[in-house]
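> Sequence first, then the predicted structure:
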Amino acid sequence: MQFLAKDYYMKRLYLCAVILCFAVASQGQGSVKVTIVNDKQAGIENATVEVIRKKDSSLVKAAIADRNGLAEFENIHLGEYLVRVSMVNFSTEYSQSFSLSTDQTAVTIPAIMLLPKTGQLGGVTVTARKPFIQKLSDRIVVNVENSIVSAGSSALDVLERSPGVNVSNDDIISLRGRSGVIIMIDGKPTRAAFSCH
């Protein structure tokens, strides 16, 4: 009877430990919000906003600012980060570093102001280079050529960093919770390498 009681309590202790580990794991992610504005404090639409790691500036997740200049990020692992903002004909700006932790899983960064590039130009050499992210009327295009994001990364890694895209542990891709996602490579639909829901 004594052994049975001990076995019972050990099972309960093990179950409590499993529940505690699950609770800690579920709290291992956070969210980030930031608004991008111009010198008149009006929101800037379509600015490219990136969450990057503080220690090595590697890209974690990218987003495109909405019509009010707001960019939101979900499911960001706890850690120390910066936000980098860029847009054609504007200077690139960075936020102050911030931390996502178990005590602070939601961070709202002070508004980041983008200013137009100015300066006198001498001789100019024009080279065409597509931006990393392009928002078109019917789709979002991620240009990975000549990008450090693609170095040593799989297609799923690149997608996971793209705006509005979530890749589950089972490699299931969703776009802002919508079903019927179509992945196109070089303009051609493909489902060979992905499961889309």
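That came in fine, so what should we check first? Numbers count the residues shown, from 1 in each chain.
> mind checking how far Asn89 is from His77?
Applying Cβ to Cβ, to the nearest Å, the value for Asn89 to His77 is 33 Å. Every C-beta, even on glycine, is put in place using the N, C-alpha and C of the backbone.
> again, but for Leu114
According to Cβ to Cβ, Leu114 stands 27 Å off from His77.
> Phi and psi next, for the closest residue to Ser86 other than its chain neighbours.
Once flanking residues are discounted, Ser86 sits nearest to Thr92: 4.5 Å by Cβ to Cβ, 6 or more residues apart in numbering. Torsion angles at Thr92 (phi, psi; degrees, to the nearest 10) stand at phi -80, psi 130.
> Provide a list of residues in contact with Thr92.
For Thr92, the contacting residues are 84-86, by Cβ atoms under 8 Å, 6 or more residues apart in numbering.
> Format those residues as TSV; extra columns: distance to Asn68, neighbour count and secondary structure.
Shown next, in TSV, are these (distance: Cβ to Cβ, whole Å; neighbours: other Cβ atoms under 10 Å; DSSP: H, G, I helix; E, B strand; the rest coil):
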residue	distance to Asn68	neighbour count	secondary structure
Arg84	20	18	strand
Val85	15	23	strand
Ser86	18	17	strand
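> what residues go with each domain of this structure?
Annotated domains of the chain cover 30-113, 133-196 [automatic domain parsing].
> more neighbours, Leu114 and His77?
Leu114 (21 against 11; other Cβ atoms under 10 Å).
> which intervals of this protein have sub-threshold pLDDT?
Scanning the chain for pLDDT under 70 picks out 1-27, 119-140, 143-156, 158-159, 162-164, 166-181, 186, 190-197.
> so where do the helices sit in it?
All helices of the chain, identified by DSSP state H, fall at 2-26, 155-160.
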